[in-house]
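[1] with the sequence up front, the predicted model follows.
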Amino acid sequence: MTEKVCIVTGGSSGIGLAIVQRFLEANYLVYNLDMSPSSVGEFKACDISNVDQVNDIIKAIAQEHTIDALVSNAGIHFSATIEDTTEQDLEKVFNINVKGAYGAIKAVLPNMKASKQGSIVLMASDQALVGKRNSFAYNLSKSALASMAKTTALDYAAYNIRANAVCPGTIETPLYHKAIDNYCLTSGAEKAQVHLEEEAQQPIGRLGQPEEVAELVFFLCTYKASFITGSLQVIDGGYTAQ
Ligand code: NAP
């Protein structure tokens, strides 16, 4: 049997790292495109906002392998209202969160089209479905990813390529800790208290863990999810059901 191949972006930390580990458990060859080095999977140093660099790295992988799955996960958080978001802030969030996904998807498609198969998962957010305060640029970028999953699903269904967006609620990762550290710095709030309040906001009474999201992503990339495409998969402990 030939080895299955998965490309994960932002696989050195948090949700991405759990995704890399889940695919490795299933004996996939996993490429991790990230800025921060990692010894888990095949690391490729990459700034996901640089479309040419992403294209060169994925093209080289595609010359050697059939790519079964792409998980476009790399992303940054940014907290501010529209008034407090500069043009540079907006560009930075979009370059990483949206243009990063665009470049990676565009680069894997020729390979997936040639093999008439493939699964693409975009890491959106519950913020693709609901608004959150003080989160203008991030919210916008995650809504764009939900849209990208739908249009990609429709345009490439004829090639048996599926595309879905995963919409996690609050997941305990370095990004989450950075976001509440920043909030505490500006508001003077105490971190332990903010963390308790975050937990209390979740109907299930706790934050999600990266491994829980990784399991959903992995499922979406298997034949068991063969009829699921163009969907937004919510994984949020009930947050958006309220
Ligand atoms: P994380 O722990 O910060 O991991 C993100 C990874 O992406 C890091 O390794 C980061 O590297 C990398 N990265 C950032 N900018 C990059 C770039 N330009 N090129 C390549 N790699 C880059 O974050 P996470 O919480 O796991 O989030 C992963 C994804 O899930 C993001 O898209 C995020 O928006 C989404 N999400 C997270 C939550 C949550 O509550 N945690 C909820 C919903 C959606 P550095 O460490 O060097 O920056």
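    All right, it came through fine.
[2] the helix ranked longest in the chain and the ligand, any residue contact?
    Using DSSP state H, we find that the single longest helix of the chain is helix 136-156. No. Helix 136-156 stays clear of the ligand (C-beta under 6 Å from any ligand atom), getting no nearer than 6.8 Å. (Glycine included, C-beta is placed from N, CA and C.)
[3] how about the helix or strand following that helix: buried residues?
    Downstream of helix 136-156, the first helix or strand assigned by DSSP states H and E is strand 161-168. If you call a residue buried by 16 or more other C-beta atoms under 10 Å, then strand 161-168 has these buried ones: 161-168.
[4] for the worst-scoring helix or strand of the chain on mean pLDDT, packing partners?
    When each helix and strand of the chain is scored by mean pLDDT, DSSP states H and E, helix 174-187 comes last, with a mean of 93. Packing partners of helix 174-187 (3 or more C-beta pairs under 8 Å, 6 or more residues apart in numbering; DSSP states H and E): helix 14-25, helix 191-201.
[5] and the residue lying farthest from the centre of the chain, how far from the ligand?
    No residue in the chain sits farther from the centre than residue 188, which is 30.5 Å out by C-alpha atoms, centre = their mean. Distance, residue 188 to the ligand, using C-beta to the nearest ligand atom, to the nearest Å: 23 Å.
[6] so for that residue, what's the pLDDT?
    With respect to pLDDT, residue 188 scores 94.
[7] and it, what are its phi and psi?
    phi 80, psi 10 (degrees, to the nearest 10).
[8] tell me the one among the buried residues of strand 161-168 nearest to the ligand.
    Of all those, the ligand sits closest to residue 168, with 3.9 Å by C-beta to the nearest ligand atom.
[9] touching, the closest one and residue 128? I think so.
    No. Residue 168 is beyond contact range of residue 128, at 10.1 Å (criterion: C-beta atoms under 8 Å).
[10] for this structure, which residues are neighbours of the ligand?
    10, 12-16, 34-36, 46-49, 73-76, 96, 123, 125, 168, 170-171, 173-176.
[11] could you check how many residues crowd around residue 17?
    Burial of residue 17 is recorded as 24 neighbouring residues (other C-beta atoms under 10 Å).
[12] measure it to residue 36 for me?
    Noted for residue 17: a distance of 10 Å to residue 36, by C-beta to C-beta, to the nearest Å.
[13] identify the contacts common to these two.
    When C-beta atoms under 8 Å, 6 or more residues apart in numbering defines a contact, no residue borders residue 17 and residue 36 alike.
[14] skip the chain neighbours and tell me the closest residue to residue 72.
    Once flanking residues are discounted, residue 72 sits nearest to residue 101: 4.2 Å by C-beta to C-beta, 6 or more residues apart in numbering.
[15] flag every buried residue along the helix or strand containing residue 101.
    Per DSSP H and E, residue 101 falls inside helix 100-115. Across helix 100-115, burial judged by 16+ other C-beta under 10 Å covers 100-105, 107-109, 111-112.
[16] now the angle from that helix to strand 161-168?
    150 degrees (axes from the mean of the first three to the mean of the last three C-alpha atoms, to 10 degrees).
[17] output helix 100-115 as CSV, restricted to C-alpha atoms.
    This file holds the C-alpha atoms of helix 100-115, laid out as CSV (Å, rounded to 0.1, in the frame of the first residue of the first chain):
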residue,chain,number,x,y,z
GLY,A,100,-2.3,31.8,3.4
ALA,A,101,-5.2,29.5,2.8
TYR,A,102,-5.7,30.7,-0.8
GLY,A,103,-2.0,30.0,-1.6
ALA,A,104,-1.9,26.5,-0.1
ILE,A,105,-5.2,25.4,-1.7
LYS,A,106,-4.2,26.8,-5.1
ALA,A,107,-0.9,24.9,-4.9
VAL,A,108,-2.4,21.5,-4.0
LEU,A,109,-5.2,21.5,-6.5
PRO,A,110,-3.3,20.5,-9.7
ASN,A,111,-2.0,17.4,-7.8
MET,A,112,-5.5,16.5,-6.4
LYS,A,113,-7.2,17.1,-9.7
ALA,A,114,-4.7,14.7,-11.4
SER,A,115,-5.4,12.0,-8.9
